[in-house]
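**Q** What follows is a predicted protein model with its sequence.
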Number of protein chains: 2
Amino acid sequence: MTTTAEPRISARRRATRERVLEAASEVFAERGFHGATVEDICERAGFTRGAFYSNFSSKDDLVLELSRRHAEDLVERIRRASKREHASAEDVLRDVLTAMADDTRSKERWLVLTTEFTLHAIRDATARRAWAAQQRRVRDELVAVVDEAVSRQGLTLPLPTELFVLAAIALAQGTLTQRLVEPRSLSVGQLERTVLPILLGVDT
Amino acid sequence: MTTTAEPRISARRRATRERVLEAASEVFAERGFHGATVEDICERAGFTRGAFYSNFSSKDDLVLELSRRHAEDLVERIRRASKREHASAEDVLRDVLTAMADDTRSKERWLVLTTEFTLHAIRDATARRAWAAQQRRVRDELVAVVDEAVSRQGLTLPLPTELFVLAAIALAQGTLTQRLVEPRSLSVGQLERTVLPILLGVDT
């Protein structure tokens, strides 16, 4: 019995987690990380606080899980684009830049939440450690993707891959932030689309 | 009488403004933009709310004034470094990068405050317009400084000057943010120090 019962419980638990995460994502977008309370999120998801706390330990925990999924999805799209067979460096880079700038609306929501969480992490040592560890994992994955793509295309980076990845992240976040304050000052993905080809010596 | 009395009032008024701005800068650093209240700032400065409101219209007004001064100081330091006579492009760029990365502690405090204010501005149309106008002025000044320096050194930028300036800002903010979350992941000014020389074709 346990062998069949367990997956059933897991599936229900998974469904609960999904609903809470979806509700959290909406409530964070509407009220901000600091403005949103666990009560708001429970109410939106239609769950009790008990159900919440049997799945997540805190609001921080929710952001970390949302962030993990968002990053996993982004890294996977970049990896797929970077692995296109029989394609020129120009075509691959163009596809990767498109993958990076995809889904602008959800990215903007995302940028606001992670910026709020970064400010929180700067002031809270536990959140900072968790946030740093998660960003390091994402960075390591991206470094591997870039190293493989660069070597497949016979390119040479004029800077260490980790700095290239950090620069790409800074430029992408810079474009998003700038567009939120001055929508007409930059087009979607413009800074990374302009600077990364120069660093790679690839004409897009 | 008015001709001598007026400057006296102005001087007192100026001193009041200075004291309020200094107090605001401290209180923002301790409690954050949202956490700090006008009462906290008045108490720190030793002024009444009346004295505050005869000098500033709101907390937003304080951040905009602090930001204007910070930016003016930074642009001036960059301008001076970029105008060094009889210096090679390498030396000038090294001096400009040093000017950009100067005074890291106050820059970190600064980054946190402007990031908080940017999040506020994204949600508040009045703050956003004021913030966008101020950033545009700073950007225009930096574009003029870069154009002059690039032409004096006989260099050619591989991207429009405005995008170069926005990229430089994104990289500098990226380094600062990254260092606040993971102090050992980057050295002071590392992203801008690595990427900008490549864009300029200058070996530092």
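**A** Perfect, I can see it now. Residues are numbered from 1 along each chain as shown, chains lettered A, B, ... in the order given.
**Q** ok, and what's touching the helix or strand harbouring A:R79?
**A** Assigning secondary structure by DSSP states H and E places A:R79 in helix A:59-82. With CB atoms under 8 Å, 6 or more residues apart in numbering or on different chains as the test, helix A:59-82 has contacts from A:20-21, A:24-25, A:28, A:33, A:36-38, A:41, A:56, A:92, A:95-96, A:98-100, A:102, A:110, A:113-114, A:117, A:120, A:124, A:126-127, A:130-131, A:134, A:138, A:141-142, A:145-146, A:148-149. Every C-beta, even on glycine, is put in place using the N, C-alpha and C of the backbone.
**Q** Figure out the length between the terminal residues of stretch A:40-55.
**A** End-to-end span of stretch A:40-55 (CA to CA, to the nearest Å): 16 Å.
**Q** which parts of chain A sit against chain B?
**A** A:32, A:34, A:112, A:115-116, A:118-119, A:121-123, A:128, A:131-132, A:135-136, A:158-159, A:163, A:166-167, A:169-171, A:173-175, A:177-178, A:180-182, A:185-186, A:190-191, A:194-195, A:198-199 (CB under 8 Å from any CB of the partner chain).
**Q** Could you tell me which of these count as buried?
**A** Neighbour-count burial (16 or more other CB atoms under 10 Å in any protein chain shown) applied to the residues of chain A next to chain B gives A:32, A:34, A:112, A:115-116, A:118-119, A:121-122, A:128, A:131-132, A:135, A:163, A:166-167, A:169-171, A:173-175, A:177-178, A:180-182, A:185-186, A:190-191, A:194-195, A:198-199.
**Q** For A:F52, give its distance to B:G35.
**A** 26 Å (CB to CB, to the nearest Å).
**Q** How about A:T37?
**A** 17 Å.
**Q** Show me what the host helix or strand of A:A130 is packed up against.
**A** According to DSSP H and E, A:A130 maps onto helix A:125-152. Packing partners of helix A:125-152 (3 or more CB pairs under 8 Å, 6 or more residues apart in numbering or on different chains; DSSP states H and E): helix A:59-82, helix A:104-123, helix A:161-181, helix B:161-181.
**Q** how far off helix A:59-82 does it point, in degrees?
**A** Between helix A:125-152 and helix A:59-82, the angle comes out at 0 degrees (axes from the mean of the first three to the mean of the last three CA atoms, to 10 degrees).
**Q** orientation of helix A:125-152 relative to helix A:161-181 in degrees?
**A** Using the same axes, to 10 degrees: helix A:125-152 against helix A:161-181 is 110 degrees.
**Q** Low-confidence stretches in chain A?
**A** By pLDDT under 70, the weakly predicted segments of chain A are A:1-9.
**Q** Done for today, thanks.
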